[in-house]
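1. no sequence on this one, just coordinates:
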């Protein structure tokens, strides 16, 4: 089977995605699959073979080499951010009738929007932080924010990943700087109360047809919160399994499965929670979690004793099954 391993993207997360793609390429079973490294970047869509680039035909997502046209039986999507984590490419592949891994285009679009995800989950009694939603041009004072969510508070772009544009505001004097940082990433932002507690990242996936918690990882940031530097530059301790008691672990697992299924998810995901007074509070969900050597999801797979090639097998099978459902 010809498998396109798609990586890159149009956001600042593209460098992480390119690393994730390399891990996937190194773990695909070559007895079953013929993988192709596909870069989708602002400068173009290309297949890389032996250091040479071959242009992707956007009309049917194929490419030509030496006069022969190659098409793909399935796509493994590992783009973080736009256009691979926000539903754009998923809708495109579905129109072309090409199976792809991960969740569908609607779920991708929904979960990439933090505000809309929280709105959906609020109907299902999922604990979450108090929050305020702002668009560029809205007028609000720092004191109004403090009166609603307290101090300190978090300022986040509504649609962004890898902790880009996120600030923790400990002093009102830092509010304007935090706004500028968040609005540089997105025209809509989310301001949330700061939840003090244990941060736990939970890998969840549909493994051979069953919603499965891959693992729980405790995040201990060396910085004020789990920012980009803590995530990707070694400024945190990631402890798998998380150091929580049995009852708390059960609650986290139950909540993580409920969130995954309520949102209609499929494929790999990583959801972040803050555990306060024994209760998990949902922070966000990533539908294309990082898969680089520094990433949490592969660490959880290793601790669970599940070969990553087996997880990729399951993903490809689910993608092919979904294509059958499209035709019904």
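-> Yep, that arrived. Since we're looking at a predicted model, the values are computed, not measured. Residues are numbered from 1 along each chain as shown.
2. count the neighbours of the nearest residue to residue 41 once chain neighbours are set aside for me.
-> Sequence neighbours aside, residue 8 is the residue nearest to residue 41 in space, at 4.5 Å (criterion: Cβ to Cβ, 6 or more residues apart in numbering). To be clear about C-beta, it is placed using only N, CA and C from the backbone, and glycine gets the same treatment. As a burial measure, residue 8 scores 26 neighbours (other Cβ atoms under 10 Å).
3. partners of residue 8 in the sheet?
-> When bridges are called by DSSP bridges, residue 8 pairs up with residue 40.
4. ok, residue 303 - contacts?
-> Counting by Cβ atoms under 8 Å, 6 or more residues apart in numbering, residue 303 touches 215, 240, 241.
5. using a markdown table, lay out those residues together with distance to residue 77 and neighbour count.
-> Below are the contacts of residue 303 laid out as a markdown table (distance: Cβ to Cβ, whole Å; neighbours: other Cβ atoms under 10 Å):
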| residue | distance to residue 77 | neighbour count |
| --- | --- | --- |
| 215 | 22 | 23 |
| 240 | 25 | 17 |
| 241 | 28 | 14 |
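6. and these, which is closest to residue 101?
-> Checking these against residue 101 by Cβ to Cβ gives residue 215 as the nearest, at 19.5 Å.
7. for the closest one, pull up the helix or strand it's in.
-> strand 210-221 (DSSP states H and E).
8. could you say what helices and strands that strand packs with?
-> Here strand 210-221 is seen to pack against strand 198-207, strand 236-239, helix 246-262, helix 296-304 when contacts are counted using 3 or more Cβ pairs under 8 Å, 6 or more residues apart in numbering; DSSP states H and E.
9. can you tell me how far residue 69 sits from residue 1?
-> Using Cβ to Cβ, to the nearest Å, we find residue 69 at a distance of 16 Å from residue 1.
10. returning to what we had before: now the contacts of residue 303 in CSV, with pLDDT and distance to residue 295?
-> As requested, the contacts of residue 303 are exported to CSV (pLDDT from 0 to 100; distance: Cβ to Cβ, whole Å):
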residue, pLDDT, distance to residue 295
215, 96, 12
240, 92, 12
241, 94, 17
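11. with those in mind, which one is nearest to residue 308?
-> Nearest to residue 308 out of the contacts of residue 303 is residue 215 (Cβ to Cβ; 13.1 Å).
12. wait, that closest one touches residue 300, no?
-> Yes - between residue 215 and residue 300 there is a contact under Cβ atoms under 8 Å: 3.1 Å.
13. what do these two both touch?
-> Common neighbours of residue 215 and residue 300, using Cβ under 8 Å, 6+ apart, are 203, 240.
14. okay, now residue 220: neighbour count?
-> By the measure other Cβ under 10 Å, the count of residues near residue 220 is 13.
15. just residue 123 next, same as before
-> 8.
16. point out where the stretch 101-250 of the chain drops to low pLDDT.
-> Scanning the stretch 101-250 of the chain for pLDDT under 70 picks out 161-163, 223-235.
17. how about the helices in it?
-> Along the stretch 101-250 of the chain, counting by DSSP state H, counting those that start in this stretch, helices occupy 105-112, 114-121, 142-149, 175-183, 228-232, 246-262.
18. distance of the closest residue to residue 145 other than its chain neighbours from residue 219?
-> Spatial nearest neighbour of residue 145, chain neighbours left out: residue 191 (5.7 Å); criterion: Cβ to Cβ, 6+ apart. Using Cβ to Cβ, residue 191 is found at 21 Å from residue 219.
19. who's more crowded, the two?
-> residue 191 (23 against 20).
20. contacts only, for the more buried one.
-> Residue 191 touches 131, 132, 133, 134, 145, 149, 153, 154, 155, 156, counting by Cβ under 8 Å, 6+ apart.
21. determine the longest helix present in this protein.
-> Using DSSP state H, we find that the single longest helix of the chain is helix 308-326.
22. so for that one, what gets flagged as buried?
-> 308, 309, 311, 312, 313, 314, 315, 316, 318, 319, 322, 323 (16 or more other Cβ atoms under 10 Å).
23. for the nearest residue to residue 158 once chain neighbours are set aside, name its beta-bridge partners.
-> Excluding the flanking residues, the one nearest residue 158 by Cβ to Cβ, 6+ apart is residue 188, at 4.0 Å. Counting by DSSP bridges, residue 188 is bridged to residue 135.
24. any idea how far residue 188 lies from residue 130?
-> Note on residue 188: its distance to residue 130, by Cβ to Cβ, is 18 Å.
25. more neighbours: these two, which one.
-> residue 188 (18 against 12).
26. so what's that one up against?
-> Contacts here follow Cβ under 8 Å, 6+ apart; on that basis residue 188 touches 115, 133, 134, 135, 136, 157, 158, 159.
27. burial measure for the closest residue to residue 113 other than its chain neighbours, as a count.
-> With sequence-adjacent residues excluded and distances taken as Cβ to Cβ, 6+ apart, residue 113 is closest to residue 159, at 5.7 Å. Number of residues near residue 159 (other Cβ under 10 Å) recorded here: 23.
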